[in-house]
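> Structure for this input, please:
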Amino acid sequence: QVQLVESGGGLVQAGGSLRLSCAASGRTWSVYKMGWFRQVPGKEREFVAAVTWGGGSTYYADFVKGRFTISRDNAKNTVYLQMNSLRPEDTAVYYCAAGRSQANWKAEYDYWGQGTQVTVSS
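Below you'll find the predicted structure:
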């Protein structure tokens, strides 16, 4: 099992920045990729960004390219999502996820955090 705990959400004005953190514990050696997803009530959860645990390769959804940056600190077993130029439409609950599969950046994640709320005011 892998446990994930997110932090760093909050309220920010449009154009502002937030950094989310996801601390992983447990069988982290089994994890190949870490991802961030978000969900708005009444809508499906959507992929935001992912990073490989070992090599640091990254992948982003088109709507965050140039604004969000995903990174990882292997020594701290922590993944970050730096979010800049935030927009009201970025308001959502953001979830951290860990996956063992090497296929499909946007799916096949095995472990999930509890989520952290991000609210962007206009």
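
> from here on, contacts and neighbour counts on C-alpha atoms
Will do.

> Please name the nearest non-neighbouring residue to residue 70.
Nearest residue to residue 70, sequence neighbours excluded (C-alpha to C-alpha, 6 or more residues apart in numbering): residue 81, at 4.6 Å.

> Report the buried residues of the host helix or strand of that neighbour.
Assigned by DSSP states H and E, residue 81 belongs to strand 78-83. By neighbour count with 16 or more other C-alpha atoms under 10 Å, strand 78-83 contains the buried residues 78-81, 83.

> what's the answer for stretch 84-100, then?
84, 86-87, 90-100.

> first vs last residue of that stretch, how far apart are they?
29 Å (C-alpha to C-alpha, to the nearest Å).

> Which elements pack onto the strand holding residue 81?
strand 18-26, strand 68-73 (3 or more C-alpha pairs under 8 Å, 6 or more residues apart in numbering; DSSP states H and E).

> which one of those lies closest to residue 111?
Closest to residue 111 of the helices and strands packed on strand 78-83 is strand 18-26 (C-alpha to C-alpha; 10.0 Å).

> spatially speaking, which residue is in the middle of the chain?
residue 36 (2.2 Å; C-alpha atoms, centre = their mean).

> so what strands line up beside the strand or helix carrying that one?
Assessed by DSSP H and E, residue 36 sits inside strand 33-39. Here strand 33-39 is paired, per DSSP bridges, with strand 46-52 (antiparallel), strand 92-99 (antiparallel).

> I'd like the ones you listed written out as JSON lines, with distance to residue 12 and mean pLDDT added.
What follows is those, written out as JSON lines (distance: least, C-alpha to C-alpha, whole Å; pLDDT from 0 to 100):
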{"stretch": "strand 46-52", "distance to residue 12": "19", "mean pLDDT": "96"}
{"stretch": "strand 92-99", "distance to residue 12": "12", "mean pLDDT": "97"}
